[in-house]
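*Asks:* Could you work out the structure for the sequence below:
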Amino acid sequence: MRSYPPLAQCRTIAFTALLAISLAGPTFSFAQSSSSKTSSSQFSIGSSLEAIADPPVPRPNTKHCEVTLLTNQAFDDFNNKDFNFTPPANCPGPWSKVILTADFSIQPGVQFDRSGQIFLGGVNIFFGTTAEPLQTQTNTWHVERDLTDYTSLFKTPQTGFAFLGNIVGTDGLNSIIFGTFKLEFYQSDFANPVPVTADEVLPVQDNGSSSFQITSTNPEVTQSFTLPQNTEAAYLDLVAQSQNVEEQWFLCVPNNIAGPLDGCQNTAFREVEVSVDGKPAGIAPVYPWIYTGGLDPGLWVPIPGVQTLNLVPYRVDLTPFAGTLDDGQPHTVGVSVFNAFNFFSVTAQLLVYEDHGSKHLSGAVTQDTLTAPNPTVTNTVNLNAQGLGSGTVTVTNAHNFTIEGYVNTSHGRVDTKIEQQAQFSNVQQITNSATEFAQSAVQTSTLHSDTITREGPLFTTKETTFSYPINVSLVQTVQSNGNIAATTSVDQKFQRDETDTLEGFPVFESHTSNEVTPTDTALFVASPTGFSLGQNSNQSSKQTFVYQDSLNHCFSRTLTVASNVLTNVEDQKACQQHGFHW
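*Replies:* Residues are numbered from 1 along each chain as shown. The predicted structure is shown next:
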């Protein structure tokens, strides 16, 4: 176990160290493979096993086959676990759906949370973190990812590997993590046609590695691509996972007070910057993930944070640059994280869509007003020579930009115009005294995007709003016996709203909301050699997941926890209140 320092240092104590859900489509159902967990019957009231409200990926009612990548694979070191993939002979395609399922378990005992990734042909197909072990039970969890857009990757035999670095046998760490990973392939039929998917999926790599670190000394990774000359559209799927010193980056502070508070530096603003040939091409807000050892491990039993076990990639639309990329010359795609220093783990996959009616396309970028971030920081924290004091830190940033380009295709000129407005705000209250440290953060991060596509006289608009709000409160108090009581509460949320219109008339709308609200008091017991984590108390948590759309599909689930055990499960309550059904 670790030795825990007092007060300001104590607030970042962690056993430190994902859902691309497509719910639209009238023929999808919750018909599942044997490994999938779909209903409230999977939950056991009074249990501390992982409990997640997120729904499984919807399946079509068609013939399907499974390909197992690894079975009950043990992760007890930092070596890659290799596998070979062969497309399923009994389901040769074309496929209407491709889904990755992952079933994990961790032995009872002592272990940190860990990060895990799966790669196929160099492409990242899963990125998540792990649950921490229970004292006497094997903890288990199940996650899924819709990989239909990556279908081209699965048409030929490929090699791959899973990486989940884990230490066993050192410093009292004794829990081995196990994983079973499968791919499900669902054939198409009249009711479930083959969707349009990427013709190529290409990883951005750093010296041959498809997972790389962004730090102050390695601030940007660029990859050169020579793309097909009939590229009509392109997207970049990104995961930027905070690690190490800036794991809780939303609690970082300005550099002049980071040292006295023993805190994370560079303020609480982070953002992914994407470039094409060195020019700004897009941004991605960073989701404030918290891992199962983050802030206070007691917060996350048995409900983890939003997306903690299955990090959701953010997709950046690079289609305005398609005409530029069609000249047969090498072009670079760059990825950086603004303010990152130590460190962000990043994966990025380039999805390329071709015009099969032509071999050579032309086009150009006609407008690009995106510029680098320029955050505003207001710091009123006043500290004395001992680092004691109080005040407020506010950091804000705003983007309002347009990127537009066109491609001359076999079906005419296609113009793509992306208008985005991003707003970020983080307000922290800090008090550091001889007997108490308190820090609260109220953070909002929203990105509204209108993608307008014109082809001849017709135009379509995809309007999307992402919102990543998080509120965190930490209060750590020195007790008369020298122990430290640390009370932490979190309100973490993910929201996504989408509206598709044709000629200004709505044709589809959807809303996704996922919120987790835990609170806990951890006890750090003083000893001559430092602090150890004692029994937590007053723990409670609640997760509510809601999805609904204009096709009258709806899914909702609420899980409630008290004293680290599941106390209640409510299915479809929000749907019934609004008259929806699944």
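*Asks:* Next secondary structure after the helix or strand of the chain with the lowest mean pLDDT?
*Replies:* Lowest by mean pLDDT, DSSP states H and E among the helices and strands of the chain is strand 28-29, with a mean of 34. Next in sequence after strand 28-29, counting helices and strands by DSSP states H and E, comes strand 59-60.
*Asks:* now for the next helix or strand after that following strand, which elements pack on it?
*Replies:* Later in the chain than strand 59-60, the nearest helix or strand by DSSP H and E is strand 64-75. Packing contacts for strand 64-75, counted by 3 or more C-beta pairs under 8 Å, 6 or more residues apart in numbering; DSSP states H and E, involve strand 81-85, strand 158-163, strand 177-187. C-beta: built from backbone N, CA, C; applies to glycine.
*Asks:* Throw those into TSV and include mean pLDDT, thanks.
*Replies:* As requested, these are exported to TSV (pLDDT from 0 to 100):
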stretch	mean pLDDT
strand 81-85	98
strand 158-163	98
strand 177-187	98
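*Asks:* Of all those strands, which one comes closest to residue 139?
*Replies:* strand 177-187 (9.6 Å; C-beta to C-beta).
*Asks:* how far off strand 81-85 does that closest one point, in degrees?
*Replies:* With axes from the mean of the first three to the mean of the last three C-alpha atoms, to 10 degrees applied, the angle from strand 177-187 to strand 81-85 works out at 10 degrees.
*Asks:* Relative to strand 177-187, what are the paired strands and their orientations?
*Replies:* strand 64-75 (antiparallel), strand 95-106 (antiparallel) (DSSP bridges).
*Asks:* Pass me the low-pLDDT residue ranges in this protein, would you?
*Replies:* Low-confidence segments of the chain, defined by pLDDT under 70: 1-41, 578-582.
*Asks:* picking up where we left off before, deepest in the core, which of the helices and strands packed on strand 64-75 is it.
*Replies:* When you average the neighbours per residue for each of the helices and strands packed on strand 64-75 (mean count of other C-beta atoms under 10 Å), strand 177-187 leads with a mean of 22.
*Asks:* could you check the angle strand 158-163 makes with that strand?
*Replies:* Calculated by the same axes, to 10 degrees, strand 177-187 forms an angle of 150 degrees with strand 158-163.
*Asks:* Follow the chain on from strand 177-187 and name the next helix or strand.
*Replies:* Per DSSP H and E, the first helix or strand lying C-terminal to strand 177-187 is strand 200-203.
*Asks:* Tabulate the CA atom coordinates of that following strand in CSV.
*Replies:* Output of strand 200-203 as CSV, limited to C-alpha atoms (Å, rounded to 0.1, in the frame of the first residue of the first chain):
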residue,chain,number,x,y,z
GLU,A,200,-9.8,2.2,-45.1
VAL,A,201,-9.0,2.5,-41.4
LEU,A,202,-5.5,3.8,-40.8
PRO,A,203,-3.8,4.4,-37.5
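*Asks:* Are we agreed that residue 322 is in a helix?
*Replies:* Yes. Counting by DSSP: H, G, I helix; E, B strand; the rest coil, one finds residue 322 located in a helix.
*Asks:* Could you check how far it is from residue 234?
*Replies:* From residue 322 across to residue 234, the span is 6 Å (C-beta to C-beta, to the nearest Å).
*Asks:* Tell me which of these two has more neighbours.
*Replies:* Using other C-beta atoms under 10 Å as the criterion, residue 322 and residue 234 rank with residue 322 on top: 28 against 25.
*Asks:* tell me the contacts of residue 194?
*Replies:* With contacts defined as C-beta atoms under 8 Å, 6 or more residues apart in numbering, residue 194 is in contact with 94-96, 188.
*Asks:* So which of those wins on neighbours?
*Replies:* residue 95 (27 neighbours).
*Asks:* Bridging across strands, which residues link to the closest residue to that one other than its chain neighbours?
*Replies:* Nearest residue to residue 95, sequence neighbours excluded (C-beta to C-beta, 6 or more residues apart in numbering): residue 185, at 5.0 Å. Residue 185 forms beta bridges with residue 65, residue 98, as assigned by DSSP bridges.
*Asks:* list the contacts for residue 185?
*Replies:* Taking C-beta under 8 Å, 6+ apart as the test, what residue 185 contacts is 64-67, 87-88, 91, 93, 95, 97-98, 154.
*Asks:* distance of residue 462 from residue 184?
*Replies:* In terms of C-beta to C-beta, residue 462 sits 28 Å off from residue 184.
*Asks:* meant to ask about residue 333, not that
*Replies:* 30 Å.
*Asks:* for residue 472, same thing?
*Replies:* Taken as C-beta to C-beta, the span from residue 472 to residue 184 is 37 Å.
*Asks:* Then residue 319?
*Replies:* Counting by C-beta to C-beta - residue 319 and residue 184 are separated by 29 Å.
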